[in-house]
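**Student:** just the structure for this:
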Amino acid sequence: MATADGLSASPEFPDLIVASVQMEPRVGHTTANVARSVRLIEEAAAQGAAIVVLPELANSGYVFASRAEAFSLAEPVPDGPSTQAWAEVARRCKVHVIAGIAEREGDRLYNAAAVLGPGGWLGTYRKLHLWGDEHLFFESGDKGLPVFHTELGRLGVVICYDGWFPETYRLLAMQGVDIVCMPTNWVPMSEQPADRPAMATTLAMANAHSNGLSIVCANRIGTERGQPFVGQSLIVGAQGWPLAGPASHDAEEILYARINLKASRRARHLNVFNDVLRDRRDDIYDPMLGTGWPLPRH
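**Tutor:** Predicted coordinates:
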């Protein structure tokens, strides 16, 4: 069986169906937002999805009027009601869910993503690179770039503006990640031509290609307190080409794509001579960048 990456699948490495949920959370309507997301997760699971990605801050909405409002809408993870609802549907539908959430830990707030599987909560990713007014509400992430080891493969997570930094994808690739899940709230970028896809979709394709990663981007739609969002959710294969999407600018929808881990890992080998990870001249630029900490090669 041929895969979207143009390589052959095998019984030992069957295709995974991944789903990107494009929806419109409404700020302050947490219960309704989560209920809507649960219905969409159920729909994706009924279509065979094994991994379902929701947008950034899918439970709370994005444009907070004050820190007090942000604090009131944030929840602890994994014990808060939003994570518990997502954990229940993940268990019942036997899927993995990556869901953007406003996380509260003590008096600190994080723009985070809860990672859940059929067996429950697997961990949390906290956004490293804050955008705009997020600096007024959230702390920068303090958990680095964790890898979530699952029976489906190695999952990584980035959130929205994290995708503007190639280091995030490279560090995940060097840790052996197969699929990067991106909850996002993409907004229009300065000087964006109306007839061109969002800059974020180009960045996702480029980083997928240069790192041999599949990337599942789930954006929101609508306008919230004057802030428009651009939709155009996207699923990119490990060779950098779209497998599904970009989605529409303004409609709720679910994108589906098949990903084969064996084919995806082979995609890092561009030809008999070249491999996008092996060919790194880390002897030159790692000392210049001052990384100072080697990562395992896979």
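**Student:** next one: phi and psi at Thr184?
**Tutor:** Backbone dihedrals for Thr184, given as degrees, to the nearest 10, come out at phi -150, psi 160.
**Student:** list the contacts of it.
**Tutor:** Pro55, Glu56, Gly100, Ile159, Cys160, Gly163, Ala200, Cys217, Ala218, Asn219, Arg220 (Cβ atoms under 8 Å, 6 or more residues apart in numbering). Every C-beta, even on glycine, is put in place using the N, C-alpha and C of the backbone.
**Student:** just the ones of those in helices?
**Tutor:** Secondary structure assignment by DSSP state H places Ala200 of these in helices.
**Student:** from the contacts of Thr184, which land in strands?
**Tutor:** Gly100, Cys217, Ala218 (DSSP state E).
**Student:** the first one: how many residues sit nearby?
**Tutor:** Pointing back at Gly100 there. 31 (other Cβ atoms under 10 Å).
**Student:** repeat for the second one
**Tutor:** Number of residues near Cys217 (other Cβ under 10 Å) recorded here: 31.
**Student:** can you verify my assumption that it contacts Gln22?
**Tutor:** No - in this structure Cys217 lies outside contact range of Gln22 using Cβ atoms under 8 Å: 9.4 Å.
**Student:** who touches both of the two?
**Tutor:** With Cβ under 8 Å, 6+ apart, Cys217 and Gln22 have common neighbours Ser233.
**Student:** quick one: the helices in the stretch 151-298 of the chain?
**Tutor:** 166-174, 199-211, 261-266, 282-289 (DSSP state H, counting those that start in this stretch).
**Student:** now for those, which one comes closest to Pro146?
**Tutor:** helix 166-174 (9.4 Å; Cβ to Cβ).
**Student:** how far off centre is that closest one?
**Tutor:** 14 Å (Cα atoms, centre = their mean, to the nearest Å).
**Student:** do the same with stretch 192-211
**Tutor:** Here the centre of stretch 192-211 is set off from its chain's centre by 15 Å, with Cα atoms, centre = their mean.
**Student:** what's it in contact with?
**Tutor:** 163-164, 166, 169-170, 172-173, 182, 184, 186, 188-189, 213-215, 217, 219, 230, 232, 234, 236-242, 245-246, 268, 276-277.
**Student:** buried sites along the lengthiest helix in the chain?
**Tutor:** Determined from DSSP H, the single longest helix within the chain is helix 30-46. Residues Thr30, Asn33, Val34, Arg36, Ser37, Val38, Leu40, Ile41, Ala44, Ala45 are the ones in helix 30-46 that count as buried (16 or more other Cβ atoms under 10 Å).
**Student:** try stretch 184-192
**Tutor:** Burial within stretch 184-192, assessed by neighbour count using 16+ other Cβ under 10 Å, is assigned to Thr184, Asn185, Trp186, Val187.
**Student:** ok so, going back, for the buried residues of helix 30-46, which one is nearest Leu152?
**Tutor:** Among the buried residues of helix 30-46, and counting by Cβ to Cβ, the member closest to Leu152 is Ala45, at 13.7 Å.
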